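In: Fold the following for me, if possible:
(chains A and B)
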Amino acid sequence: MTIRTSPEELALQSATATPSGAGGASIAPSPSRGSRAGRSGLLRGLRTPSALIGLSLVVVIYAAGLLAPLIAPYAPNAQGPDAFLAPSAAHWFGTDEYGRDLFSRVLFGIRQDLIVSVVAVPIGAIVGTVLGTLSTISKWLESVIQRIFDVSLAFTSLVMGVTIAAIIGPGLPAVLITVSLINVPLFGRLAHNVVRGLRSRDYVTAARIVGAPPMRVLFRHILPNALDSLIVQAALSLSLAVFIEGAMSFVGIGIRPPDPSLGSLLRNSINFLSRAPMYAIAPMVVVTALVLAFNMIGDGLNKGLLRR
Amino acid sequence: MVRYVLRRLPSAIVVLLIASVVIFFILRLAPGDPAASLAGPDASEATIQAIRHKLGLDEPLVTQYVIWLRGIVTGNPGDSYILHAPIAQLVGESLLNTVELALGALVLALLGGSLIGYLLGVVRARWAQTLLSGLTSLGIAVPTYVSGVLLILVFGVTWRVLPPGGIGPGFSDFALGWQYLLMPAIVLSLPTGATIARFLASSMRQTLDQDFIQTGIAKGLRRRRLMLGHVVPNSLPPVLTILGIQIGQLLGGAIIVETIFAWPGVGQLLLQAVTGRDYLLTQDLLLIAVLVFIVVQLVTDIIDAALDPRIRLERA
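Out: Next up is the predicted model:
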């Protein structure tokens, strides 16, 4: 990994490395590569061992979540007569304090992360990238938009979550809004830096000189080359999203009971650790595997796309 | 140097002011009337009005905002609606607990992080590299709510060697208090320590490539002297920067860790305020969280600038 001494770059990098969130991999623009080479870089990145392991984990876990209604042996909120059953053939992970099947609850809990991953992260990524790109157009826009990013970065991950929960109340919408808002400055800063770097490159100047309209320059020549960095950030952001969903549900401002989520399952399990250790272990393993898997995909993509 | 500080200060203040406006006005958009919920379900309209007047909620919003800021600046932010105690006292007590937790975590993160980072920077053996970098990856990736519950499961419930939660006697009886502090501090320190280790290691690798290190080797410096006297000091600036950012984010981590271990700090107070819809307390705590982040960031930037004239003179 590379080290940067510019504080702004460091802020960007560590903004992804929030407490125990995604992080580690550094993001550097690789502006000279064309879009075709970029695509082969994507493949090269995904073929690294760490990305392959990460990708398989994500596919397996998210497929299990997606197919939960088909796979799960019980309805997630269906109560049974026997509380705290030990793991058995009938209840793979045992049952909880209301006799609900923990395996089914874990499967349905994964769906919350699935929703957050496919809804909130793309929204934050698109809004952030658009704002970040806009901020390269004029000095005036730049100072306004960068100030917005500064303010939203000051609400560090879970502080943002608490703020949103205070405004609209706890629940899945609060998680979705939090994850989107956290991602806006992450993608925004990145897009700003990469696009600004690309604007001064010779081939962009050449395109402008031959008379390509500004929008064409932006969409044909700049954004495709900025994509590599944004893709790596997306992997790290997905890891952060899973972390935030778990954290918000864990502290009681995310998914509300009785609906299961990995974070709320873990929270409830604390009271019964000696009676039902599987209650805690199952969501712990799944949430850690997801966060780690997205980080590994990010590391692999980083190697394939951004390092030469 | 003074000029650099003067240049950085206004933008920090602007960000803080915008944040305070956002915190104040957006929270007022939230549904629910604190006066009504405080008065109880059977209260008459007159009672609710009286409470609203007492809390100053019938003033125009801008006036309320000014009163709020003045209260904070003068150290008299009023009483909490739900906890029926002066906010200054509530925040003071819980802040002390959070600072204790954060300091414990910081000490552990610095010790562990610099040790592992140093080893990662100097060790050449492939298996050791894999092991150490795997450890830092885990430290960064494993969520605190997982490592926390895992520690309780192992040390608090299965082996019963450490108390599974609570704050104990704290600093007043440290012989007992550290047992309560140990697990939460370890959990909070893991991501920070792992991040420090990574930054130190890669910074050291870059420093090792520098010419002056070759000079040091050529003139026959002992390895220890070379490492501790030349490589490490020159590798520290990026570590300091990341450390500042990590400290600014400790409060977010503290919210989780305090929940796991029932540690009565500001994170717990903030959650109580939010779930109890106590606007005043919520606003104050959010503002403190943002203030801490901005101040730490500013201090980090200033230290960076003091160490590196290139930053200080940039765009001056």
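In: okay, CA-based contacts and neighbour counts for the rest of this
Out: OK.
In: Stretch B:279-295 vs chain A: in contact?
Out: Yes: against chain A, stretch B:279-295 shows contacts by Cα under 8 Å from any Cα of the partner chain at B:282, B:286, B:289-290, B:293-294.
In: so for that stretch, what's the average pLDDT?
Out: In this model, stretch B:279-295 has a mean pLDDT of 91.
In: what do you get for stretch A:267-284?
Out: For stretch A:267-284, the per-residue pLDDT averages 92.
In: Can you name the two of the residues of stretch B:279-295 next to chain A that sit furthest apart?
Out: The distance between the two most remote of the residues of stretch B:279-295 next to chain A (Cα to Cα) is 18.3 Å, for B:282 and B:294.
In: Please say which of those two ends up with more neighbours.
Out: residue B:282 (26 against 23; other Cα atoms under 10 Å in any protein chain shown).
In: Pull the contacting residues for the more buried one.
Out: Counting by Cα atoms under 8 Å, 6 or more residues apart in numbering or on different chains, residue B:282 makes contact with A:166, B:270, B:273-274.
In: In three-state terms, label the spatially most central residue of chain A for me.
Out: Taking Cα atoms, centre = their mean, the centroid of chain A lies closest to residue A:238, which sits 1.7 Å from it. Here residue A:238 is recorded as helix under DSSP: H, G, I helix; E, B strand; the rest coil.
In: Okay, it and residue B:42: tell me how far apart.
Out: For residue A:238, the distance to residue B:42 (Cα to Cα, to the nearest Å) stands at 47 Å.
In: Equivalent analysis for residue A:174, please.
Out: Taken as Cα to Cα, the span from residue A:174 to residue B:42 is 31 Å.
In: Also residue A:81?
Out: 39 Å.
In: Residue B:199 now?
Out: 59 Å.
In: what's the answer for residue A:266, then?
Out: For residue A:266, the distance to residue B:42 - Cα to Cα - is 38 Å.
In: One more: residue B:225?
Out: In terms of Cα to Cα, residue B:225 sits 76 Å off from residue B:42.
In: Could you check which of those two has the larger neighbour count?
Out: For residue B:225 versus residue B:42, neighbours defined as other Cα under 10 Å are more numerous around residue B:225 (11 against 8).
In: tell me what the helix or strand hosting the more buried one is packed against?
Out: Per DSSP states H and E: residue B:225 is located in helix B:223-226. Applying 3 or more Cα pairs under 8 Å, 6 or more residues apart in numbering or on different chains; DSSP states H and E, we find helix B:223-226 packed against helix B:211-218.
In: Mind listing what's buried along the helix it packs on?
Out: B:213, B:216 (16 or more other Cα atoms under 10 Å in any protein chain shown).
In: and the residue lying closest to residue A:261 once chain neighbours are set aside, what element?
Out: Take residue A:261 and drop its neighbours on the chain: the residue closest to it by Cα to Cα, 6 or more residues apart in numbering or on different chains is residue A:109, 3.7 Å away. If you go by DSSP H and E, residue A:109 is part of helix A:102-115.
In: What about the closest residue to residue A:172 other than its chain neighbours, how many residues nearby?
Out: Sequence neighbours aside, residue A:255 is the residue nearest to residue A:172 in space, at 5.3 Å (criterion: Cα to Cα, 6+ apart). Neighbour count for residue A:255, taken as other Cα under 10 Å: 25.
In: Check residue B:176 too.
Out: 13.
In: wait, is it part of a helix?
Out: Yes: assessed with three-state DSSP, residue B:176 lies in a helix.
In: Surely it touches residue B:163?
Out: No: counting by Cα atoms under 8 Å, residue B:176 sits too far from residue B:163 to count as a contact (10.3 Å).
In: Quick one: residues contacting residue A:282.
Out: A:93, A:106.
In: one step back: how about the residue nearest to residue A:172, phi and psi?
Out: phi -60, psi 130 (degrees, to the nearest 10).
In: repeat for residue A:74
Out: Dihedral angles (degrees, to the nearest 10) for residue A:74: phi -130, psi 160.
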